[in-house]
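**Q** got a sequence here, can you build the structure:
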Amino acid sequence: MTHHSWKWAAPRPAEKNLLTISDEVYIQPEPLGVVLIIGAWNYPWGLTLMPLVGAIAAGNAAVVKPSELSECSSLLLRALLPRYLDKDLYPVVTGSVSETQELLRLRFDHIVFTGSSTVAKLVMEAAARHLTPVTLELGGKSPCYIDKSCNIRVACRRITWGKFINCGQTCIAPDYILCEPCIQGRVVECIRQTLLEFYGADPKCSPDYGRIVNQRHFNRIMGLMEGYTPVVGGQSDSSQRYIAPTVLKDVPPHSRLMQEEIFGPVLPIVTVSDMDNAITFINEREKPLALYIFCSDKKAIKKMIAETTSGGVTVNDVMMHYTLNSLPFGGVGQSGMGRYHGKHTFEQLSHHRACMVRSLGMESVNLSPSQQPASLTQAAFTFSWRPQ
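**A** Presented below is the predicted three-dimensional model:
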């Protein structure tokens, strides 16, 4: 990003009309000022440093507030960042909720927040007192539709990777599966086999399988599983905050499990009659941060993309749209607002100033209407008008 920032910050020529043909017209990206970056605990480095790099590239100062839930990462960030960056321009503020509340009482020029929608509302409320714009990277229930036409083994392998990496604590992880009843059994079996390949017979002993961040989240996830008989996994150990990779089938659409983001290693399967039913199911709920479609029919893929809305979409894989800096990353509706990654971060954290340097020539066009030739008046109107 920093390699390209000088080009992004350069003046951008803008389109002219007949009345401005001899003038200089351009858009000048400018720093907003001071940006507050409130990071998240699930990926404490990436979700904090990526917006920081964009803020720096756009010429802003920034206050960095890592999540208090990832305490060791926060302390390390506080120790390392001043070694490489000006500590007055880019201070790191650690602490708990009270420190965050104190920061939100201050006036900033932009706030970037990554976290839950509940806290996002408090951030937005505080920002509104100063008319401060916000970028909110939230979450939600990201659906994953598996069409019976696709390679189910490959689909389940990729879904298993995306769902259970970081113990399911990823904002764009597949939250639940939608599929027809006729393939549900095969989906379960393919996920079971993939889990054995990835984490062995006992994921608790695998060095690649994580744990839940704290006891509160452990209890919340266990509460969501109450009343279900897992077809895969289900084991837990409160002393280690361990929850095995778990799959639940035939989950009722209106159950508690389907009302809130799981953010853990529990994967419900909801059956639908066909793709149209899946589209209706998705559209009846809040707009998700991500949508995943596994299908071999290109026409059907385009249909599902066209008839749904989400922050981003990946077809025949999960989470991979996040890896491309050329694609904007962000939510829509309850899953967030604004976007970042690569140049999109620069654009989000810049003010695009409209600039015109008028020529002192062609003064005839500035005569009073009674003195202007009718043809010139008509031409000025024609070339300056744009359909709304």
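**Q** shouldn't residue 248 be in contact with residue 268?
**A** Yes. Counting by C-beta atoms under 8 Å, residue 268 is a contact partner of residue 248 at 4.8 Å. Just so you know, the C-beta spots here come from the backbone N, C-alpha and C atoms, and that holds for glycine as well.
**Q** where do the contact lists of those two overlap?
**A** residue 257 (C-beta atoms under 8 Å, 6 or more residues apart in numbering).
**Q** now do the helices in the protein.
**A** Across the chain, reading from the start of the chain, the helices by DSSP state H fall at 5-8, 46-57, 71-84, 97-105, 117-128, 152-164, 181-199, 215-225, 275-283, 298-306, 343-348, 374-384.
**Q** tilt between the fourth one and helix 117-128?
**A** What separates the directions of helix 97-105 and helix 117-128 is an angle of 40 degrees, with axes from the mean of the first three to the mean of the last three C-alpha atoms, to 10 degrees.
**Q** mind listing what's buried in helix 97-105?
**A** Taking 16 or more other C-beta atoms under 10 Å as the neighbour-count basis, helix 97-105 is seen to contain the buried residues 100, 103-104.
**Q** run through who's touching it.
**A** Outside helix 97-105, the residues that touch it by C-beta under 8 Å, 6+ apart are 36, 38, 63, 65, 68, 93, 111, 122-123, 126-127.
**Q** pretty sure residue 293 is touching residue 312, no?
**A** No. Taking contacts as C-beta under 8 Å, residue 293 lies outside contact range of residue 312: 11.9 Å.
**Q** in the stretch 251-388 of the chain, which spans are strands?
**A** Listed in chain order, the strands of the stretch 251-388 of the chain (DSSP state E, counting those that start in this stretch) span residues 266-271, 290-294, 312-315, 336-337, 350-357.
**Q** excluding chain neighbours, what is closest to the residue sitting nearest the centre point of the chain?
**A** To find the centre residue of the chain, average its C-alpha atoms and take the closest one (C-alpha atoms, centre = their mean): that gives residue 330, at 3.3 Å. Spatial nearest neighbour of residue 330, chain neighbours left out: residue 339 (3.4 Å); criterion: C-beta to C-beta, 6 or more residues apart in numbering.
**Q** can you check residue 222 too?
**A** Distance criterion C-beta to C-beta, 6+ apart; nearest residue to residue 222, sequence neighbours excluded, is residue 236 at 6.3 Å.
**Q** hang on, the earlier thing: need the winner for burial among the strands of the stretch 251-388 of the chain.
**A** Ranked by mean neighbour count, the strands of the stretch 251-388 of the chain are led by strand 290-294 with a mean of 27 (mean count of other C-beta atoms under 10 Å).
**Q** run the chain-centre distance for that one.
**A** What separates the centre of strand 290-294 from the centre of its chain is 14 Å, taken as C-alpha atoms, centre = their mean, to the nearest Å.
**Q** so for it, mean pLDDT?
**A** Averaged over strand 290-294, pLDDT sits at 99.
**Q** dump the strands of the stretch 251-388 of the chain into a markdown table; add distance to residue 135 as well.
**A** Compiled in a markdown table, those are given as follows (distance: least, C-beta to C-beta, whole Å):
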| stretch | distance to residue 135 |
| --- | --- |
| strand 266-271 | 29 |
| strand 290-294 | 17 |
| strand 312-315 | 15 |
| strand 336-337 | 7 |
| strand 350-357 | 12 |
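**Q** nearest to residue 201, of these?
**A** Distances from residue 201 to each of the strands of the stretch 251-388 of the chain were compared using C-beta to C-beta; the shortest belongs to strand 266-271, at 19.0 Å.
**Q** now do that closest one: which elements does it pack against?
**A** In terms of contacts (3 or more C-beta pairs under 8 Å, 6 or more residues apart in numbering; DSSP states H and E), strand 266-271 is packed against strand 176-179, helix 181-199, helix 215-225, strand 246-248.
**Q** pLDDT on it, on average?
**A** Predicted confidence along strand 266-271 averages 99 (mean pLDDT).
**Q** ok so, going back, make CSV out of the contacts of helix 97-105 and add neighbour count and distance to residue 135.
**A** Putting the contacts of helix 97-105 into CSV (neighbours: other C-beta atoms under 10 Å; distance: C-beta to C-beta, whole Å) gives the following:
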residue, neighbour count, distance to residue 135
36, 26, 10
38, 26, 10
63, 20, 15
65, 22, 14
68, 15, 21
93, 16, 18
111, 24, 7
122, 15, 15
123, 20, 10
126, 20, 14
127, 20, 10
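**Q** find the pair from these with maximum spatial separation.
**A** Within these, 68 and 127 form the most distant pair, 20.1 Å apart (C-beta to C-beta).
**Q** show me what contacts residue 218?
**A** Applying C-beta under 8 Å, 6+ apart, the residues near residue 218 are 212, 236, 238, 241, 243.
**Q** let's have these in CSV, adding distance to residue 81, pLDDT and neighbour count.
**A** Rendered in CSV, the data for the contacts of residue 218 read as follows (distance: C-beta to C-beta, whole Å; pLDDT from 0 to 100; neighbours: other C-beta atoms under 10 Å):
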residue, distance to residue 81, pLDDT, neighbour count
212, 28, 98, 24
236, 37, 98, 18
238, 35, 98, 12
241, 29, 98, 18
243, 33, 99, 27
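**Q** any chance of those residues in JSON lines with distance to residue 319 as columns?
**A** JSON lines is the format used below for the contacts of residue 218 (distance: C-beta to C-beta, whole Å):
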{"residue": "212", "distance to residue 319": "20"}
{"residue": "236", "distance to residue 319": "25"}
{"residue": "238", "distance to residue 319": "29"}
{"residue": "241", "distance to residue 319": "23"}
{"residue": "243", "distance to residue 319": "20"}
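**Q** appreciated, that's everything.
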